[in-house]
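**Student:** take this sequence and fold it.
(one chain, ligands or ions: 2)
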Amino acid sequence: MLNLVIFGPPGSGKGTQGVKIAEKYSLEHVSTGDLLRNAIHNNTAEGMIAKSFIDKGELVPDDVIIDIMDVFMEKLPIDKGILFDGFPRTVAQAEALNGLLIDHGRSLSALLNLEVENEELIERLVLRGQTSGRSDDNEETIKKRLEVYEAQTLPVLDYYKKKGVYKSVKGVGDIEEIFTNICQVLDKVVEAEV
Ligand code: C5P
Ligand code: MG
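**Tutor:** Residues are numbered from 1 along each chain as shown. Ligands and ions are numbered 1, 2, ... in the order given. Predicted structure coming up:
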């Protein structure tokens, strides 16, 4: 069973490629950002906490995120592989994910990093902001999110490099072309699992 993390800065295409990966490899695609936005939409207590951070481009506290992921994994059939999108965002979340996977009888097959330059990310997110309706897709908050990514999220890559599950693909160009490159990497991961 595959359990994957799709990783990369805001605007790198995690959601877009995540949907395609989940379909092709029959994985449950879980986007923490989408779960948080749903919680906000439904006015839950977690949503209220999350909103104050998301609107500023900051990260929601680790304990809130880890609780959400624990609940999510608890509900999932044990034989269904997972594609984590937007999680882990900090080294503490990576360590917690390690524990959650063990608790649920799973292990991480690979982390797939999408490489995109900052200039392109800003361009994409500003464009997305014209239609996404997301409170954090404006130029000021985008810049903050990229700073937060570099300071708090980038160190997560070293954690997974040390674990030997780090993979990377260029996230620039045609969506289908990027997906083909991703599949080449993931097919090898699948082969190595059996
Ligand atoms: O993953 P996505 O870009 O959709 O996340 C949007 C926002 O949700 C992030 O900028 C952050 O404020 C919050 N978030 C978080 N921790 C996560 C995932 C998302 O704080 N693990
Ligand atoms: Mg996303």
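
**Student:** all helices of this protein, in order?
**Tutor:** Across the chain, reading from the start of the chain, the helices by DSSP state H fall at 14-24, 32-41, 45-54, 62-75, 91-103, 118-132, 139-148, 155-163, 175-193.

**Student:** any idea which of those gets closest to Val169?
**Tutor:** helix 175-193 (5.0 Å; C-beta to C-beta). Just so you know, the C-beta spots here come from the backbone N, C-alpha and C atoms, and that holds for glycine as well.

**Student:** just to revisit the earlier point, so can I have TSV of the helices of the chain showing mean neighbour count, mean pLDDT and distance to Leu2?
**Tutor:** What follows is the helices of the chain, written out as TSV (neighbours: other C-beta atoms under 10 Å; pLDDT from 0 to 100; distance: least, C-beta to C-beta, whole Å):
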stretch	mean neighbour count	mean pLDDT	distance to Leu2
helix 14-24	18	98	9
helix 32-41	18	96	19
helix 45-54	16	97	28
helix 62-75	16	96	15
helix 91-103	17	98	12
helix 118-132	14	97	27
helix 139-148	17	97	28
helix 155-163	15	98	15
helix 175-193	14	97	7
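
**Student:** in JSON lines: these, plus distance to ligand 1.
**Tutor:** Converted to JSON lines, the helices of the chain look like this (distance: least, C-beta to the nearest ligand atom, whole Å):
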{"stretch": "helix 14-24", "distance to ligand 1": "7"}
{"stretch": "helix 32-41", "distance to ligand 1": "2"}
{"stretch": "helix 45-54", "distance to ligand 1": "4"}
{"stretch": "helix 62-75", "distance to ligand 1": "5"}
{"stretch": "helix 91-103", "distance to ligand 1": "6"}
{"stretch": "helix 118-132", "distance to ligand 1": "9"}
{"stretch": "helix 139-148", "distance to ligand 1": "5"}
{"stretch": "helix 155-163", "distance to ligand 1": "10"}
{"stretch": "helix 175-193", "distance to ligand 1": "18"}
